[in-house]
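>>> Curious how this folds, go ahead:
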Amino acid sequence: MAPSNRLAFLDALRGLAAVYVVIFHVMAMPSPALATGPVLGAVLAMGGTGVALFFVISAFSLAYTMPRHAATPRPLLSFYLHRLFRIAPLFFVLLAFSIWRDGRGSHPGHSAAEILANVTFTFNLFDGWEAGIVWASWAIGVEMLFYAVFPLLFNLIDTLKRACLVALLVTAASMFAVLGLFGAEGVAAVGDYGLLRHLPVFLYGILAYHSFKALHAMRPSKARRLGMGLLVTGGALLVGLTLGSARAVLSPGISWGLFGATYAMLLLGMSLFPLSAVVNRATTYLGQVSYSLYLAHPIVIALLIPVFRRIQASVPQPDLAYLACAALTLGIAIPLAQLGYRFIEVPGIRAGHRLLAYINARRITAMERADQRE
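I've put the predicted structure just below:
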């Protein structure tokens, strides 16, 4: 397994997850939704599960980089500052825009309490605010709560055996809640924004990381065969879940966890056998700008809906009309995402690095002065 492929496959999958969410919203955001044929419609309808893939990737990458934070003078500070300055700058820019947008015309705007909940990334904890002020930011609310407890989880789940056990136990709890065995509160916890719905998916990412570590010493030829097997199995499961969900065979709460587990399998397979059709310059670039693409694309789609209607009127074949709308959206959203990455995300990340270096330098200086006094 070539080391250069490790981060490349994560970036590629992150980029594909973002695109999957975008093309889903191209269909679903207009009211009524854009018409498509049955096959394309079934595939697009599961585009929301791209967020589950985001969650799996996030947990894997956090676990993968945690030793780097542990090697710093202040591991927890390093972890939380990196997370904050990775997420907050772009989010706050779009939050300011969203508050301005929603305070105009007939929209009542947002209360100071709701704005504070969004500024502090705690909006997922309040009934009625879980979706977030920024469109599609519900996933950020879930992620930030996971970040808050991740160092504890990482220390507790420190072996493959424990990762399997915890993932199994939390998955079982989530299933019991879906079946109503924990009452109304349990059902709410596995709702669209419920933490018990999404925690198993994060745990599958941690499990994939420990599996990756265990398989890392495997002979390259054997690793590629295993990776190919995981990709074939995961691909078959993904097709089956998509068909099952299209026919309403599975409840949304159960299918979400199954999609998460399948994505974790595909991630692990891609780490061992990175297909060039999936892991390439185009997909890794999309992964680089995926955060900006994810948060900005709903605004682009909302502005393009009148154009979508004109395309539908002029292109009689539904699938071709939809593909034209999707291509137009990506053609605008990706360059905007590049701007967001270049001028907001990168400066934010660098500011976090500078702040951490400044804090560590002050700490070292204070310790040296203390030693001199002694």
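
>>> ok, and the closest non-adjacent residue to the residue most central in space within the chain?
Taking CA atoms, centre = their mean, the centroid of the chain lies closest to F54, which sits 2.6 Å from it. For F54, ignoring the flanking residues on the chain, the nearest one in space by CB to CB, 6 or more residues apart in numbering is A17 at 5.1 Å. For glycine as for every other residue, the C-beta is placed from the backbone atoms N, C-alpha and C.

>>> Pull the contacting residues for that neighbour.
G50, V51, L53, F54, I57, S290 (CB atoms under 8 Å, 6 or more residues apart in numbering).

>>> Over to L81?
Contacts of L81 by CB under 8 Å, 6+ apart are G352, L355, L356.

>>> so L336 makes contact with Y294?
No: between L336 and Y294 there is no contact under CB atoms under 8 Å: 11.8 Å.

>>> Please identify the helix or strand for the residue nearest to F54.
Here A17 sits within helix 4-28, counting by DSSP states H and E.

>>> Surely V307 touches L328?
Yes: contact between V307 and L328 holds when scored by CB under 8 Å: they sit 6.9 Å apart.

>>> that older thread, just the buried subset of the contacts of A17, written out for PyMOL, thanks.
A single PyMOL command selects the buried members of those (16 or more other CB atoms under 10 Å):
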select buried, resi 50+51+53+54+57+290
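
>>> May I see the contacts of A17 organised as TSV, with pLDDT added?
Below are these laid out as TSV (pLDDT from 0 to 100):
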residue	pLDDT
G50	97
V51	98
L53	98
F54	97
I57	98
S290	98
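
>>> V307 and L328: who's more crowded?
Comparing V307 with L328 by neighbour count (other CB atoms under 10 Å), the higher total belongs to L328, at 17 against 13.

>>> got a list of what the more buried one touches?
L304, V307, I311.

>>> Roughly how far does the residue nearest to the centre of the chain sit from G229?
25 Å (CB to CB, to the nearest Å).

>>> what kind of secondary structure is T72 in?
coil (DSSP: H, G, I helix; E, B strand; the rest coil).

>>> again with the one 10 residues further on
Remark: H82 carries the secondary structure label helix [criterion: three-state DSSP].

>>> doesn't R68 make contact with it?
No: contact between H82 and R68 fails when scored by CB under 8 Å: they sit 9.3 Å apart.

>>> Of these two, give the one with the bigger neighbour count.
H82 (20 against 12).

>>> where's the more buried one relative to L76, distance?
11 Å.

>>> List the residues that are in contact with both of those two.
H69.

>>> And the helix holding A17, what's buried?
5-6, 8-27.
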